[in-house]
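*Asks:* build me a model:
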Amino acid sequence: MKTLRRLVHREALFAVTFVTAGFLALFFFFDLVDELRWVGRTGAEGYQLSHAFLYVVLSIPSHLYELLPITVLIGTIFVMARLAQSSEFTIMRTSGMGPWRALRTLLTLGGVFVLLTFAVGDYVAPLTDRAAQLVKVRYLGKLTTGATGAWLKERQDDRSYAVNVRALTPDGGMLDVRIFEFDAQGRLASQTRAASGEFGAEGAWALQGVQRSRYELRGAEEARVEHLDAPALDWPTRISADMVAASLLKPDRMATIDLFQYIRHLDANGQSAQRYEIEFWRKVFYPLSCLVMVVLALPFAYLHFRSGGIAGYVFGGVMAGISFFLLNNVFGYAGNLQNWSPMLTAAAPGLIYSVLSLAAFGWLVLRR
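*Replies:* Numbering: from 1, shown residues only. All right, here's what the predicted structure looks like:
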């Protein structure tokens, strides 16, 4: 049995590696073509072809994390179908590899891919993606997203603050900072705008080029406005550089622990964390989809193939992998819009494919 397990594992690892390399090469080409539109634009030091190439290379781990369950399915289907076509799997069955032993063999292999997917998605991809963003920040001048940048909220005693950071600079500073202060009744108490700012080491932002307006209510109909222009101002806050960067970057590119801490910050300040909670649970369940994929591939070993018929089944595996990827994204968007339970929203695609996998396993393997 050990020899048979090694044979299946070796063939599956080779096939999955080959399919993954092919997909990554395709994504590399498309990303490089897309990055060429930025080449030649003047930033801090100018964005050149070598910088675009480096950015695309650093984006590979993120694509690897997204592709692994799909390539595991395609590679495993190809191996199991090829073993069935050449009658090798029939010989394995007569040698004592029953359905449950075959299932355990593939689940062991799937466990390896679960660990690999988790390691890439939680450690390698966030680091390389952050490095890729720094490349763009350095050579294009700043890091921003959308039209208004990052919005954050914080409570201090009976006061609440809405903070807007338009962009981050190559050296880790902030550009165009706006701070809106509200009193206990929710009325606007002050508005502060700074041309730039730095993250202080002792829980304060060092703002430069400050323009500040304070609003004081006198009676029911009279208000007083005070204006202050200052070259610098220290604003005490618990908002860190990681929180600002998290609001500028996509949540699916963050590590699980960073997502958890950011969700706690949003909950503590009364902000909606639905989108980040869904992404957190997707981070938890997504690596486990590799187990679902290897179970879905097992029934292909019990099919009878005609000459050349294997290509159609591999194509079906490709379609199944793409449909899983699309379903995962659709449930994420729908859950965010409909305010579904984050855990169920993230787990639903895996549960659906688990039912399909077990149904196919029961019908093709156990009943037949």
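*Asks:* residues contacting residue 301?
*Replies:* 80-81, 83-84, 89, 102 (CB atoms under 8 Å, 6 or more residues apart in numbering). (Glycine included, C-beta is placed from N, CA and C.)
*Asks:* by neighbours, which of these wins?
*Replies:* The most crowded member of the contacts of residue 301, judged by other CB atoms under 10 Å, is residue 80 (27 neighbours).
*Asks:* where does residue 28 land on pLDDT?
*Replies:* pLDDT for residue 28: 96.
*Asks:* how about the nearest residue to it, chain neighbours excluded?
*Replies:* residue 56 (5.9 Å; CB to CB, 6 or more residues apart in numbering).
*Asks:* which residues are in contact with the one you found?
*Replies:* 28, 31-32, 35.
*Asks:* any chance of the residues you listed in CSV, plus secondary structure?
*Replies:* Converted to CSV, the contacts of residue 56 look like this (DSSP: H, G, I helix; E, B strand; the rest coil):
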residue, secondary structure
28, helix
31, helix
32, helix
35, helix
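*Asks:* so which of those residues comes closest to residue 285?
*Replies:* Nearest to residue 285 among the contacts of residue 56: residue 31, at 26.5 Å, using CB to CB.
*Asks:* what about that closest one, neighbour count?
*Replies:* Neighbour tally, residue 31, other CB under 10 Å: 17.
*Asks:* so it versus residue 52, what's the distance?
*Replies:* 9 Å (CB to CB, to the nearest Å).
*Asks:* wait, what's in contact with residue 150?
*Replies:* 164-165, 244, 247-248.
*Asks:* can you tell me the helix or strand for residue 6?
*Replies:* Under the criterion of DSSP states H and E, residue 6 resides in helix 2-35.
*Asks:* after the helix or strand bottoming out on mean pLDDT in the chain comes which helix or strand?
*Replies:* In the chain, the helix or strand scored least confidently by mean pLDDT, DSSP states H and E is helix 241-248, which has a mean of 72. Downstream of helix 241-248, the first helix or strand assigned by DSSP H and E is helix 256-268.
*Asks:* elements contacting the next helix or strand after that following helix?
*Replies:* Per DSSP H and E, the first helix or strand lying C-terminal to helix 256-268 is helix 274-285. With contacts taken as 3 or more CB pairs under 8 Å, 6 or more residues apart in numbering; DSSP states H and E, helix 274-285 sits against helix 256-268, helix 310-338, helix 342-360.
*Asks:* what's the burial count for residue 96?
*Replies:* When counting by other CB under 10 Å, one arrives at 9 neighbours for residue 96.
*Asks:* from now on call the first residue 5
*Replies:* That works, and once the first residue is 5, the last one we named lands at residue 100.
*Asks:* am I right that it is in a strand?
*Replies:* No: using three-state DSSP, the assignment for residue 100 is coil, not a strand.
*Asks:* follow-up on the earlier one: report the two of the contacts of residue 305 separated the most.
*Replies:* Applying CB to CB across the contacts of residue 305, the maximum distance is between 85 and 106, 13.9 Å.
*Asks:* go ahead and confirm residue 276 touches residue 340.
*Replies:* No: the pair residue 276 / residue 340 is not scored as a contact, 9.6 Å apart, by CB atoms under 8 Å.
*Asks:* more neighbours: these two, which one.
*Replies:* Counted by other CB under 10 Å, residue 276 and residue 340 do not tie: residue 340 has more neighbours, with 18 against 11.
*Asks:* low-confidence ranges in the protein?
*Replies:* Residue ranges of the chain with pLDDT under 70: 45-49, 145-151, 174, 205-206, 221-229, 246, 250, 252-256, 308-313, 369-372.
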